[in-house]
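Novice: Show me how the following folds:
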Amino acid sequence: MSAGPRPCRVCGQFFTPVRLDAVTCSSTCRQRRHRGGDLAYLAGLISWEQREQRQWHDAVAADIQTHKDEKAAMLKRREANRQRRQERLLIEALGRAELEKLRASGDYDVVVAEARAPGRQ
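Specialist: You can find the predicted model right below:
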């Protein structure tokens, strides 16, 4: 996704977003959008320009959502990898038989929490 200039959803002025998911150019426009002024600048345009601008904003919103979905998937993979590492450490430390006993007894979460404690390797 391009972080280049894009039009503000409220006033239509082009701005360079600081954040990848920014859709307004200023706090004033953010507040106006919150109060229902989203795409307010389109009222002064003719129909084909309005359609063109709406398509532009829809494309930007789709890019932002794609980025958020990719980020969520990456975080989910990291969490799964972290859990696998924790389980491998537990298997090495306790042995598989002890691990199955812990899971059956319900103490598994307590042991995992202790293993995550700082200073423990």
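Novice: what's the particular helix or strand that has residue 73 in it packed up against?
Specialist: Using DSSP states H and E, residue 73 sits within helix 47-94. The helices and strands touching helix 47-94, judged by 3 or more CB pairs under 8 Å, 6 or more residues apart in numbering; DSSP states H and E, are strand 6-7, helix 96-105, helix 108-115. All C-beta atoms are positioned from the backbone trio N, CA, C, and that covers glycine.
Novice: What residues sit buried inside the last one?
Specialist: When you say that, I think you mean helix 108-115. Residues of helix 108-115 classed as buried: 108, 111 (neighbour count, 16 or more other CB atoms under 10 Å).
Novice: Go through the helices and strands packed on helix 47-94 and name the closest to residue 68.
Specialist: strand 6-7 (16.4 Å; CB to CB).
Novice: Show residues contacting the closest one.
Specialist: 13, 14, 15, 17, 23, 53, 56, 57, 60 (CB atoms under 8 Å, 6 or more residues apart in numbering).
Novice: quick one on the thing from earlier: the helix holding residue 73 to helix 108-115, inter-axis angle?
Specialist: Compare the direction of helix 47-94 with that of helix 108-115 by axes from the mean of the first three to the mean of the last three CA atoms, to 10 degrees and you get 90 degrees.
Novice: Geometric centre of this protein: which residue is closest?
Specialist: By CA atoms, centre = their mean, the chain has its centre lying nearest to residue 68, at 4.0 Å.
Novice: Might one say that that one is in contact with residue 21?
Specialist: Yes. Contact criterion CB atoms under 8 Å: residue 68 and residue 21 qualify, at 7.1 Å.
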